[in-house]
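Visitor: just a sequence and a predicted model for now, questions to come.
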Amino acid sequence: MVATDPFALTIREAGASLREGTLTATALTESVLARVEATEPALNAYITVTADHARKTAAAVDAELQAGRDRGPLHGIPFALKDLYDTAGILTTGGSSFLRKRVPDEDAAVVAKLNDAGIVLTGKLGLHEFAFGTSSLNPHYGDVHNPWDTGRITGGSSGGSGAAIAAGSCLGTLGTDTGGSIRIPASLCGVVGLMPTYGRVSRSGVLPLSWTLDHVGPLAKTVEDAALILNAIAAHDPDDPGSADVPVDDYTSELGRDLQGIRVGVPRDPFWLECSDDVAAACEAALETLRELGATLSEVELPLEASAGRLSIIWTEAAAYHHERMRESPEGFGDDVRMALEGGLAIPATSYINDQRLRRKLIEEVSAVLKTVDVLASPTTPATAPPLSAGDPQRTLARYTFRYDVTGIPAISLPCGFDAEGLPIGLMIGARHFDEVTMCRVAYAYEQATDWHTRRAAL
């Protein structure tokens, strides 16, 4: 791969070339489809490739742009979607055996928004079964492999999304995040993953895992690309009971501003505990870069977070959603997901209610801390990508990320280095509810001061 290959472009770069007339949507799409062919099945990032659909859409985009109709920054950009998103007329499996032949009649709300923005859909991406895991090892559609080392996992559950962005087999994608499923694969695959505030993006038409904790958000090559995608999908949706009726910002509006006056909180306990030496060193260096860029750093305490690890909300709500399948055809689930659902079914209602009460206290705690600082910074994951043979190290990989799902604050993961084996390391930045603008400002400043985001897997 060379830097001039269209599939290697960022969304911003590709959009500029489309508007300058130096690149067509058709040529860009053909480059991405060729990249899909070159990297599959080694990565197994795709469950479904929609090549004919993509070519037809790209031709229509070229005609629109030639006629002077410009739908915005995503017009003509090749996208692939985690296979949890309903796509009208296109297979949507949830990575499960139960939905192997499911073809929705309507698009999910965010898919409709992306189509309105003019994306070119190249296909549907692999994931952990029903999004219930952090490895993207899937007994029904095969395991997703990490582009940096195909003997290692991508993280999950949005593993296909992380792998496809890292490999260049799409330029933009959406994942979902309930315990870290956007940010974990972003960290392990060396890309950017943005989990917006709970309720910021509609989940209507997205297969659920946990109604209380599910978030929808982008994975991309850069912070700017992720912000551009968020601009296209953020909105209130009355069809999603968790959707928030809050004004939508321009999430690119403060990109490029310096960090003078920005206060960064460092939650050592529990967000830095038990991480590898390489991860700790890379993230400490990232903190020093933020300081050099003008931010002030201070350690903050979140004592209630120590109890967050026992919350049963995901398991209880997942079991409620799948209870009929578990009653009628438990053998249809992979072993790990079936065992997790069995555990969820055994949790008493009193535990679930008390966990919801604790969640409220955790939200209050982190909101109080974020009145004293502007953002929080920590490692995204305590370790880099484990081998495929390690199975699903869910409790380890989600040790830091799930705490932000519980509190509903936005968080972004971006590359901040590599370990001794050449595997990517992620830095996580969290912010106040609905303050993705500041979060992106800080992440972008760090990104632009380093070159980690320019490095690509050699696959």
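Guide: It's in.
Visitor: neighbours of the spatially closest residue to residue 89 that is not a sequence neighbour, just the number please.
Guide: Sequence neighbours aside, residue 103 is the residue nearest to residue 89 in space, at 6.3 Å (criterion: Cβ to Cβ, 6 or more residues apart in numbering). The C-beta positions use only the backbone N, C-alpha and C, and glycine is treated the same way. The number of residues packed near residue 103 is 13, by other Cβ atoms under 10 Å.
Visitor: and the gap between residue 103 and residue 36?
Guide: With distances taken as Cβ to Cβ, to the nearest Å, residue 103 is found 21 Å from residue 36.
Visitor: how close does residue 101 sit to residue 408?
Guide: With Cβ to Cβ as the criterion, residue 101 and residue 408 are 35 Å apart.
Visitor: quick one: which of the two has more around it?
Guide: A side-by-side neighbour count of residue 101 and residue 408, using other Cβ under 10 Å, places residue 408 first with 24 against 7.
Visitor: quick check, that one in contact with residue 200.
Guide: No. In terms of Cβ atoms under 8 Å, residue 408 does not count as a neighbour of residue 200; the distance is 9.4 Å.
Visitor: which residues of the stretch 151-300 of the chain fall in helices?
Guide: Using DSSP state H, counting those that start in this stretch, the helices of the stretch 151-300 of the chain run over 159-167, 183-189, 223-233, 268-271, 277-292.
Visitor: closest to residue 390 out of these?
Guide: When the helices of the stretch 151-300 of the chain are compared by Cβ to Cβ, helix 183-189 sits nearest residue 390, at 12.2 Å.
Visitor: and stretch 432-446, how far from the chain's centre?
Guide: 16 Å (Cα atoms, centre = their mean, to the nearest Å).
Visitor: likewise stretch 23-39?
Guide: Per Cα atoms, centre = their mean, the centroid offset for stretch 23-39 relative to its chain is 23 Å.
Visitor: check stretch 201-210 too.
Guide: For stretch 201-210 - counting by Cα atoms, centre = their mean - the centre lies 14 Å from the chain centre.
Visitor: ok, now stretch 65-74?
Guide: Distance of stretch 65-74 from its chain centroid, counting by Cα atoms, centre = their mean, is 27 Å.
Visitor: that stretch spans what distance, first to last residue?
Guide: For stretch 65-74, the first-to-last residue distance is 12 Å (Cα to Cα, to the nearest Å).
Visitor: mean confidence for it?
Guide: Averaging pLDDT along stretch 65-74 yields 97.
Visitor: what's in contact with that stretch?
Guide: 11-12, 15, 18-19, 25, 64, 75-76, 114, 116-119, 172, 228-229, 231-232 (Cβ atoms under 8 Å, 6 or more residues apart in numbering).
Visitor: repeat that for stretch 245-263.
Guide: Applying Cβ under 8 Å, 6+ apart, the contact partners of stretch 245-263 are 199-200, 223-224, 227-228, 230-231, 234-236, 290, 293-296, 298, 372-375, 434, 436-438, 440-442, 444-445, 448.
Visitor: got it, and stretch 414-427?
Guide: Contacts of stretch 414-427 (Cβ under 8 Å, 6+ apart): 146, 148-149, 152, 183, 186-192, 223, 276, 278-279, 281-283, 285-286, 377-381, 384-385, 413, 429, 443, 446-447, 450, 452-453, 455.
Visitor: identify the residue nearest residue 218 in space, chain neighbours excluded?
Guide: For residue 218, the spatially nearest residue (Cβ to Cβ, 6+ apart) is residue 229, at 3.8 Å.
Visitor: I should have written residue 296 there, sorry.
Guide: Per Cβ to Cβ, 6+ apart, closest to residue 296 is residue 263, 5.4 Å.
Visitor: you'd agree residue 447 is up against residue 453?
Guide: Yes. Using Cβ under 8 Å, residue 447 is in contact with residue 453, at 5.2 Å.
Visitor: residues that sit against both of the two, list them.
Guide: With Cβ under 8 Å, 6+ apart as the test, residue 447 and residue 453 both reach 192, 222, 223, 414, 415.
Visitor: those in strands, which ones?
Guide: Members of those lying in strands (criterion: DSSP state E): 192, 414, 415.
Visitor: pLDDT wise, what is the first one at?
Guide: Residue-level confidence at residue 192 comes out at 98, pLDDT.
Visitor: can you report how many residues neighbour it?
Guide: So residue 192, with other Cβ under 10 Å, has 29 neighbours.
Visitor: what about it, distance to residue 48?
Guide: The gap separating residue 192 from residue 48 is 24 Å, by Cβ to Cβ.
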